[in-house]
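Colleague: All I have is the shape, not the residue letters:
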């Protein structure tokens, strides 16, 4: 029985969400400095209650027949979340403002509604009129989609407790607030408490929950890191607003691989799936010979993709040469240039080097090492590589070319797009039996560079 209310002050870590009774310079949980913020908590004095008995079962006797998942039919989305949406599954979708998060979830909601699934779309950022206008632009009928404009956690909990839904969408978690905290929406305590209660509802009632979260300047979901630990799956919607493509990538997934990606193209009528990513990223690839341009085959999850690596090497006009990488790690570029100068004798210290992945992709796969070095030397010597050749390989500090995984898939993808030759690690030759392509194995960087010098 509630006998009264009081307000207490607590301090929350903006990095991990840990609660502290008093302010201190360092968070005791994550070790970050100067990250505690003050918030007021409204608490209730309650009498002691009787203990409840926890339901326990033997693992082998637990039945999951009623928890069969369902697919949206949007294959790029289904692949990233693990193949299907499960009852009780919680997904956190992050992305930069304007990248298309709300567009994606509205189209996903429409896909599920066409399969007679009941969906509730709770928006705290748009009015229902704005949501209707956006749905008309995306050709979303929304026959089984219930739209609600609400920001109160108590109201949302009451709605979810009294009605049954298959999929619940919250757009966005930063707009939801609880009366328990005397702070505005979007603060650490509000986000943590709102997510905690909504996730608890999803597990108890068995509906799938999709939370949309904003992204901070450092690319992380705004709010405590604890929020990512609370959900089952964390996916990011990435892409440059100057490019047409959008990339859906998982960073955590309890029901599938985090290596899978989904590729969409942004059009006037909304997001459209890209069935053949290789053709999409090589759409601007010129068939005439050009120095500094090399095609390579990467693997994102189980999907092989051909991309173009471009390099431009010019004489340095200043004392310190420039190193600029677009879509690649700058430190990795500096490391590869040091290997190239030390092991092969190319004078990189006197040249500016600019490299880029055509199409605006951001990649970190080790198999990009060898094609990147080949593109740099090609631009330095102004000697183009054969435009029907694909280069793949990881490079070690001593200049050796190391093997990469899933080589068969890379070769098959290159062959489908009309490439005739592949330069690959010598250690991968024994794993490949593709008779329609010329495979050239190399053991070190110099062996690869000698093929076109």
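Modeller: Thanks, I have the structure now. Bear in mind that the values here come from a model prediction, so they are computed numbers and not experimental data.
Colleague: Do I have it right that residue 34 meets residue 25?
Modeller: Yes. Look at residue 34 against residue 25 with CB atoms under 8 Å: they come within range, at 6.4 Å. From N, CA and C alone the C-beta is placed, and that goes for glycine too.
Colleague: which residues of the stretch 201-350 of the chain score low on pLDDT?
Modeller: Scanning the stretch 201-350 of the chain with the threshold set as pLDDT under 70 gives 216-225, 240-242, 284, 286-288.
Colleague: could you pull out the helices for it?
Modeller: 226-230, 277-281, 330-344 (DSSP state H, counting those that start in this stretch).
Colleague: any chance of those in CSV, plus mean neighbour count and distance to residue 237?
Modeller: Listed next are the helices of the stretch 201-350 of the chain as CSV, based on neighbours: other CB atoms under 10 Å; distance: least, CB to CB, whole Å:
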stretch, mean neighbour count, distance to residue 237
helix 226-230, 19, 15
helix 277-281, 20, 16
helix 330-344, 16, 24
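Colleague: Take these and write them to CSV, including distance to residue 323.
Modeller: Formatted as CSV, the helices of the stretch 201-350 of the chain follow (distance: least, CB to CB, whole Å):
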stretch, distance to residue 323
helix 226-230, 32
helix 277-281, 24
helix 330-344, 6
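Colleague: Can you say which of those helices is nearest to residue 76?
Modeller: Among the helices of the stretch 201-350 of the chain, the nearest to residue 76 by CB to CB is helix 277-281 (9.7 Å).
Colleague: for that closest one, packing partners?
Modeller: On a contact count with 3 or more CB pairs under 8 Å, 6 or more residues apart in numbering; DSSP states H and E, helix 277-281 meets strand 261-267, strand 303-315.
Colleague: The shortest one vs strand 303-315, what angle?
Modeller: Per axes from the mean of the first three to the mean of the last three CA atoms, to 10 degrees, the angle that strand 261-267 makes with strand 303-315 is 70 degrees.
Colleague: Show me what strand 261-267 is packed up against.
Modeller: Secondary elements touching strand 261-267 (3+ CB pairs under 8 Å, 6+ apart): helix 75-81, strand 245-253, strand 270-273, helix 277-281.
Colleague: go with 10 Å
Modeller: Judged by 3 or more CB pairs under 10 Å, 6 or more residues apart in numbering; DSSP states H and E, strand 261-267 is in contact with helix 75-81, helix 101-113, strand 233-238, strand 245-253, strand 270-273, helix 277-281, strand 293-300, strand 303-315.
Colleague: between these, which gets nearest to residue 423?
Modeller: Here strand 293-300 is closest among those (CB to CB), at 9.4 Å.
Colleague: what angle separates that closest one from strand 261-267?
Modeller: 120 degrees.
Colleague: Show me how far stretch 227-241 is from its chain's centre.
Modeller: Relative to its chain's centre, stretch 227-241 lies at 6 Å (CA atoms, centre = their mean, to the nearest Å).
Colleague: Stretch 226-242 too?
Modeller: Computed by CA atoms, centre = their mean, the chain-centroid distance of stretch 226-242 equals 6 Å.
Colleague: Same check on stretch 102-110?
Modeller: Chain-centre distance of stretch 102-110: 17 Å, with CA atoms, centre = their mean.
Colleague: pLDDT on it, on average?
Modeller: Stretch 102-110 carries an average pLDDT of 95.
Colleague: Show the model's pLDDT score for residue 156.
Modeller: For residue 156, pLDDT reads 96.
Colleague: quick one: it from residue 36, how far?
Modeller: 28 Å (CB to CB, to the nearest Å).
Colleague: and what of residue 154?
Modeller: Taken as CB to CB, the span from residue 154 to residue 36 is 27 Å.
Colleague: ok, those two, which is more surrounded?
Modeller: residue 36 (23 against 13; other CB atoms under 10 Å).
Colleague: Which pLDDT does the model give the more buried one?
Modeller: 83.
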